[in-house]
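J.: Kindly generate the corresponding structure for this input.
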Amino acid sequence: MIGQKPVDPAAAAALRSLHDRHGLRLILASNTMPCETRWPALQQAGIDSLFSVALLSYVLGVRKPEPLFYRLVVAAAESSPGQVMFVGDNLACDVAEPITHGMRAALVRPHGLRPGEELPNGAILIRHVSELPGRLEEL
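T.: Numbers count the residues shown, from 1 in each chain. Predicted coordinates:
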């Protein structure tokens with residue numbers, strides 16, 4: 001699958017839990033290149049149906065960290081920004097920017113913060129997506 005990363009089974013299980021057990025609306029919001037759709041990998045993992053909306057930058061013509069991208073995420077969530085949890089591995093695009101737009105954010109980093117990095121107030125740090133369902137229950 002060109003341009004596709006396979007989905008980690010533990011991450012897929014966590015997404016199923018967030019969707020099925022917690023009843024959360026899942027949105028795929030990703031910077032992409034022309035050859036990246038993300039769907040084949042999600043289909044292969046059996047989790048494509050969990051996502052209500054896919055916001056793929058190449059198709060939209062707007063990418064993170066442009067403010068319009070985050071406004072589209074909030075609109076797709078059909079919720080107030082404070083009810084949206086943006087999750088990703090990029091401190092600037094997936095954590096700092098969503099927080100400036102009123103969302104909550106989780107940074108996924110197996111080895112934690114890099115030297116010189118600081119987690120913005122209100123953000124959480126997780127080492128794997130599988131931690132997210134438990135952490136959301138704490139919030």
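
J.: where exactly do the helices run in the protein?
T.: Secondary structure of the chain by DSSP state H: the helices cover 9-16, 39-45, 57-60, 67-77, 97-100, 132-138.

J.: can I get the ones you listed in CSV with mean neighbour count and distance to residue 115?
T.: C-beta coordinates here come from the backbone N, C-alpha and C atoms, glycine included. CSV is the format used below for the helices of the chain (neighbours: other Cβ atoms under 10 Å; distance: least, Cβ to Cβ, whole Å):
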stretch, mean neighbour count, distance to residue 115
helix 9-16, 16, 26
helix 39-45, 16, 32
helix 57-60, 15, 29
helix 67-77, 17, 27
helix 97-100, 20, 21
helix 132-138, 13, 24
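
J.: Worst mean pLDDT among those helices?
T.: Sorting the helices of the chain by mean pLDDT places helix 132-138 lowest, at a mean of 88.

J.: The spatially most central residue of the chain - nearest residue in space that isn't next to it in sequence?
T.: The centre of the chain sits closest to residue 87, judged by Cα atoms, centre = their mean, with a distance of 3.6 Å. With Cβ to Cβ, 6 or more residues apart in numbering as the criterion, residue 87 has its nearest non-adjacent residue at 4.6 Å, and that residue is residue 106.
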